[in-house]
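Q: have a look at this prediction, sequence included:
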Amino acid sequence: MSDKETNGAKVCCESTMDLQPINVILGELVGKKGMLIPVLQKAQKEYGYLPELVLLRIAEELEISPSEIYGVATFYAQFYLEPRGRHVVRICRGTACHVKGATKITDIVAETLGVGVGESTEDMKFVLEDVACIGACGIAPVMMIDEKTYGSVTVNEAKEAVVNFVPPEED
């Protein structure tokens, strides 16, 4: 967990955080065996990441040490301890995609968004990720924005997809 004295801005923001959503999640799942990962998944879906206060609340309710919760949250790549962009741009870096120009796709998307791989845009709209394989080698190179797949994507198409992205309406 972060040191509260060296990370005052984060603690300030988190100290006013609404813990009601995590309390509801815990109320639904507490008492069932093996609920740590499902609790973390639901908490991340609710908050967009796993804030320190939420992890501490989970530790308290599940009677697990904060260091154990932190260990699980940092072990699995699906969990994030820092806020990140709402929409995930994934670019495949598997062999087929690499051979067909995925590096150029990554470069143009990074330049267009003004971020590096693993970073979120300043407005928190996008986060850019490269992934080992999307599993669509037949249409390489492949890029995804959230759940939408762009196959046989060119540099210009990738840039256009990011610039013109309109998120689907949320429920």
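A: Alright, I've got the coordinates.

Q: what about residue 146, how many residues close to it?
A: When neighbours are counted by other Cβ atoms under 10 Å, residue 146 registers 14. C-beta here means a position set from N, CA and C on the backbone, and glycine is covered the same way.

Q: actually, residue 166.
A: Neighbours of residue 166 under the rule other Cβ under 10 Å: 5.

Q: phi and psi next, for it.
A: Note on residue 166: its backbone torsions stand at phi -120, psi 120 [degrees, to the nearest 10].

Q: for residue 8, give me the pLDDT.
A: On pLDDT, residue 8 comes in at 36.

Q: swap in residue 3?
A: Looking at residue 3, its pLDDT reads 40.

Q: likewise residue 41?
A: 95.

Q: element containing it?
A: Assigned by DSSP states H and E, residue 41 falls within helix 36-47.

Q: list the contacts of that helix.
A: With Cβ atoms under 8 Å, 6 or more residues apart in numbering as the test, helix 36-47 has contacts from 21-22, 25-26, 29, 50, 54, 58, 62, 64, 69, 72-73, 76, 78-80.

Q: what's the answer for stretch 164-171, then?
A: 86, 87, 126, 145, 146.

Q: I'd like these as JSON lines, with pLDDT and secondary structure appended.
A: Below are the contacts of stretch 164-171 laid out as JSON lines (pLDDT from 0 to 100; DSSP: H, G, I helix; E, B strand; the rest coil):
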{"residue": "86", "pLDDT": "91", "secondary structure": "coil"}
{"residue": "87", "pLDDT": "94", "secondary structure": "strand"}
{"residue": "126", "pLDDT": "97", "secondary structure": "strand"}
{"residue": "145", "pLDDT": "97", "secondary structure": "strand"}
{"residue": "146", "pLDDT": "93", "secondary structure": "coil"}
